[in-house]
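Chemist: have a look; sequence and predicted model below, questions after that.
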Amino acid sequence: MGRKTGLALVGIGVFFLVAALLSKFYAYDKLATVPFDQKTVTHSVGNNATIFDIATRSEVTTDLVSTQNVVGDPNASQTATDKEGKRVAVWETLVYTNKAGAKTNDKNPPLSATHDRIAFDATSAEAIDCCGHYTSNSASTDTGAEVRDTTTPVTGLYYKFPFDAQKHTYKFWDGDLVRSTDAVYKGTDTIEGLTVYRYEQVIPPTKVKTINAPASLFGINKSSNVNIDQMYANTRTLWVEPVTGVIIRGQEDQHVVGDYQGKQVVTFTDVVIGYDDATVTDNVDTYKPKAMQLTIVKTWLPLVGSILGVLLLVIGLALLGRRRSAEGRRAEEVEAPRAGAVA
């Protein structure tokens, strides 16, 4: 009975140890990756925003609503994965911003829109220069068609942070600058019971383009066109669930003005815009259980499995050792009388 029990405990112990190793080094790697067929819609609101209204040639105050649609391209993702030798996701994102309540369609274009196609490492979330990527935040003045930048490589993070995000600085992409800058870890917060890391990307006033337009449009006393420097500043705050690297809440404090000969002559955009409450709640409800699942697979299963495995292995080997000792003593007892009889 002791031998059978010992062998059973050794077998179960080995099973738990193997399961612990597989959970940490195999199952986690399979789960810690983004889906190829991503489909999400995110809404952001910015109340009491100041924008420049072309129709009235004046600055107006209004509420803004921004909608972001993200759609994965499974076929392109699989092709990129096969080519790169690692799991690569290819997603497209369309963001359009308009006045609250305004209808957006072909006849009523939004105030602003961007359309980007980005390939990125499905685990580290770092952008990869491949797979027909492009960025677009403008349209042709002649045809209205998108003007796509297919040559500037997207760098750093774009959609999310890496799985198992750390408390340090990451490079995060900014479409207005057309480059990535530092997103600095600023602290740990709680959103609806979910622990999140807060990162901040501060972009000081930077010239991003020059606009040639009639001087009268900006109240400049000239009859000709003038060159206006568009100066862009932004403080982007991102609240990230660290296990999955997903942005649970995002906010931007944007300030875009026009300078003429070093003097500000117009405010194009002045707004604090961020995810609405429904989007934040949906993100928490979606990614809190996923974070828990990953934590169990990466940490708790390996820890508990290792402890149980070692404990059962030790007990099983001890039982087997005790069994051998008992058998050895019985063998000695049997052999001793035989030796005396011969004498």
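Modeler: In hand now; what should we look at?
Chemist: just give me the neighbour total for the closest residue to residue 165 other than its chain neighbours.
Modeler: In space, residue 165 comes closest to residue 242 once its chain neighbours are excluded; the distance is 4.3 Å by C-beta to C-beta, 6 or more residues apart in numbering. (C-beta placed from N, C-alpha, C; glycine too.) Using other C-beta atoms under 10 Å, residue 242 has 18 other residues around it.
Chemist: please apply the same query to residue 100.
Modeler: The burial count for residue 100: 12, using other C-beta under 10 Å.
Chemist: residues contacting the residue lying closest to it once chain neighbours are set aside?
Modeler: What sits nearest to residue 100 in space, not counting adjacent residues and going by C-beta to C-beta, 6+ apart, is residue 63, at 3.9 Å. By C-beta atoms under 8 Å, 6 or more residues apart in numbering, the contact list for residue 63 reads 45, 46, 47, 48, 49, 99, 100.
Chemist: please apply the same query to residue 280.
Modeler: Contacts for residue 280 (C-beta under 8 Å, 6+ apart) come out as 191, 192, 248, 249.
Chemist: tell me how far it lies from residue 115.
Modeler: Separation of residue 280 from residue 115 (C-beta to C-beta, to the nearest Å) stands at 25 Å.
Chemist: which among the contacts of residue 280 count as buried?
Modeler: By neighbour count, with 16 or more other C-beta atoms under 10 Å, the contacts of residue 280 hold 191, 248, 249 as buried.
Chemist: picking up where we left off before, check what pLDDT the residue nearest to residue 165 gets.
Modeler: pLDDT recorded at residue 242 is 98.
Chemist: inside strands: which ones of the buried ones among the contacts of residue 280?
Modeler: Among these, the members falling in strands (DSSP state E) are 191, 248, 249.
Chemist: ok, and the closest non-adjacent residue to the second one?
Modeler: Leaving aside its sequence neighbours, residue 248 sits nearest to residue 283 (C-beta to C-beta, 6+ apart; 4.6 Å).
Chemist: what's the following helix or strand after the longest strand along the chain?
Modeler: Ranked by number of residues, the top strand in the chain under DSSP E is strand 194-214. As assigned by DSSP states H and E, the chain's next helix or strand after strand 194-214 is strand 225-241.
Chemist: flag every buried residue along that following strand.
Modeler: Buried positions in strand 225-241, judged by neighbour count with 16+ other C-beta under 10 Å: 226, 228-234, 236-241.
Chemist: quick check, nearest of the residues you listed to residue 40?
Modeler: residue 241 (14.5 Å; C-beta to C-beta).
Chemist: wait, that closest one touches residue 292, no?
Modeler: No: between residue 241 and residue 292 there is no contact under C-beta atoms under 8 Å: 10.6 Å.
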